[in-house]
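Peer 1: Pasting the sequence and the predicted model now:
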Amino acid sequence: MHGRGGGGGRSSRRSAASANVDTTKLYETLGVDKSATAQEIKKAYRKLAVKHHPDKGGDEHYFKEINAAYEILSDSEMRTKYDKYGLEGLEEGGGSGGAASEDLFSMFFGGRGGRRSAGPRRGEDVNHPVKVSLEDLYNGKTVKLAVNRQVLVGEARVCTSCDGHGMVMELRQIALGMVQQIQRACPDCEGEGYQCQKKKERKVLEVLIEKGMQNKQKVVFQGMADEKPNMEAGNVNFIVQEKDHELFKRKGADLLISKTLSLKEALCGFAWKVMHLDGREVIIKSKPGEVIQAEAAGGRPFVKCVPNEGMPSHGNPFVKGNLYVLFTVQFPKDGEIQPADVKQLRRFLPGSAMECDYDEDTAEVVHLENADVRSFGKGGVQNQDAAYDSDGEQASPQCQQS
């Protein structure tokens, strides 16, 4: 194709420079097209940043790539420069403050040409869940787990097909006089930039579950992931997954159990045996005269605690949380209290008896029936048609009983 006007020489030089550089890697890192809007780029970045954050078990190096790509593509001036000249143009122009802190080619390609890398990249981490009982998290435990990984055999050599880049560029004609530049992983080295022999290795690791560890906490074995040429091996992370316990519920270093008391126990005292997580028999007993309420102020559950009987604190197992007890008081059912018992209860229970004076000849005495609060507002005749029976006579309203 022929250039137009006096700017043809400058345009040719830029085209020649761009033909050998990558202008798609940053878009591929964020998983968007080159035509993506600023809003689409921002949305893709947020989604990837949450998914691959190191605190959630994500790969730290890939997380840095995501941030560097977004930092460049979210700046319209830098994005334009990258679209024309690739990463070379950004580095020669100074790049951005965050992205310039690490060599861009080392970050995305592991170094190119005569560029010096700040150090070998680190491979991806491997995460394995480990289901752990609450007893093991209380007492501590060592678990032996086997992992299979890939290790290198002998020396690795630079792939001649991609010159160690791991990526190859292809020009594909899409129309008359128009070509498209496509970047893909090198098929000879599978995108690693190096060729070498590999073998499988089985390694048994001793995973130490420390006292007081939290759910989703990591036990890290550095450099025990798959080996890759010219890269530092990633870590093997064992992620603690706390199993549910049939008696205790845990939050931080505190434990919670639920206990249902009879009205007699709530008023007169109680004692019950609890098998703790370390095998001790703990007797939880009320104090003389202590009364357990049906509920706390504001309708909240009534709770008491046993100090220092919770979980060990991770890092300082001698300091423990508290053991909370959530109480429910079960009142007697109809017919369980005899008239003779009522007289005794009135004698000993505090508070005045609910008695009132009335004239038996004029006052009307009524009694209570079972009811459902959901039926409130549904009494009486609800519509005009139901006000009369099948014979046309007015029907008398009936009380709803359950």
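Peer 2: Here it is on my side, so go on.
Peer 1: I figured Leu134 was touching Leu277, is that so?
Peer 2: Yes - shown here, Leu134 and Leu277 form a contact pair, counting by CB atoms under 8 Å, at 6.0 Å. Yep, even glycine has a C-beta here, placed from its N, CA and C like the rest.
Peer 1: Mind checking which of those two has more residues around it?
Peer 2: Leu277 (22 against 19; other CB atoms under 10 Å).
Peer 1: tell me what the lengthiest helix in the chain is packed against?
Peer 2: Using DSSP state H, we find that the single longest helix of the chain is helix 76-92. Here helix 76-92 touches helix 8-18, helix 60-73, helix 104-108, going by 3 or more CB pairs under 8 Å, 6 or more residues apart in numbering; DSSP states H and E.
Peer 1: Lowest average pLDDT across those?
Peer 2: For those, the bottom mean pLDDT is recorded on helix 8-18, which sits at a mean of 42.
Peer 1: ok, now which ones touch Pro312?
Peer 2: Pro312 makes contacts with 138, 211-212, 253, 318-320, as judged by CB atoms under 8 Å, 6 or more residues apart in numbering.
Peer 1: Run through the bridge partners of it.
Peer 2: Under DSSP bridges, the beta-bridge partners of Pro312 are Lys320.
Peer 1: What separation do you get for it and Tyr324?
Peer 2: Distance, Pro312 to Tyr324, using CB to CB, to the nearest Å: 16 Å.
Peer 1: surely Asn308 meets Lys320?
Peer 2: Yes - with contacts counted by CB under 8 Å, Asn308 reaches Lys320, the gap being 5.0 Å.
Peer 1: who's more crowded, these two?
Peer 2: Counted by other CB under 10 Å, Asn308 and Lys320 do not tie: Lys320 has more neighbours, with 20 against 10.
Peer 1: Check that one and give its pLDDT.
Peer 2: 94.
Peer 1: so who does it touch?
Peer 2: For Lys320, counting by CB under 8 Å, 6+ apart, the contacting residues are 253, 308-313.
Peer 1: And those, which two are furthest apart?
Peer 2: Farthest apart among those by CB to CB are Glu309 and Ser313. That separation is 13.3 Å.
Peer 1: Between these two, which is the more surrounded one?
Peer 2: Glu309 (19 against 15).
Peer 1: The more buried one - that's part of a strand, no?
Peer 2: No - using DSSP: H, G, I helix; E, B strand; the rest coil, the secondary structure at Glu309 is coil, not a strand.
Peer 1: Give me the spatial nearest neighbour of it, chain neighbours excluded.
Peer 2: Leu323 (3.8 Å; CB to CB, 6 or more residues apart in numbering).
Peer 1: need the contact list for that neighbour.
Peer 2: With CB under 8 Å, 6+ apart, Leu323 has these contacts: 254-257, 305-306, 309-310.
Peer 1: try Ala38
Peer 2: 74, 76.
Peer 1: you'd agree Met311 is up against Gly321?
Peer 2: Yes - between Met311 and Gly321 a contact is recorded at 5.3 Å, counting by CB under 8 Å.
Peer 1: Identify the contacts common to the two.
Peer 2: Joint contacts of Met311 and Gly321 (CB under 8 Å, 6+ apart) are 252-255.
Peer 1: Look up how far Gly321 lies from Gln217.
Peer 2: Where Gly321 is concerned, Gln217 sits at a distance of 16 Å (CB to CB).
Peer 1: These two - which one has more neighbours?
Peer 2: Gly321 (20 against 17).
Peer 1: quick one: contacts for that one?
Peer 2: Neighbouring residues of Gly321 by CB under 8 Å, 6+ apart: 252-255, 308, 310-311, 313.
Peer 1: Could you list the low-confidence segments of the stretch 1-150 of the chain?
Peer 2: Low-confidence segments of the stretch 1-150 of the chain (pLDDT under 70): 1-21, 55, 57, 89-120.
Peer 1: Any idea how far apart the tips of stretch 160-178 sit?
Peer 2: End-to-end distance for stretch 160-178, by CA to CA, to the nearest Å: 29 Å.
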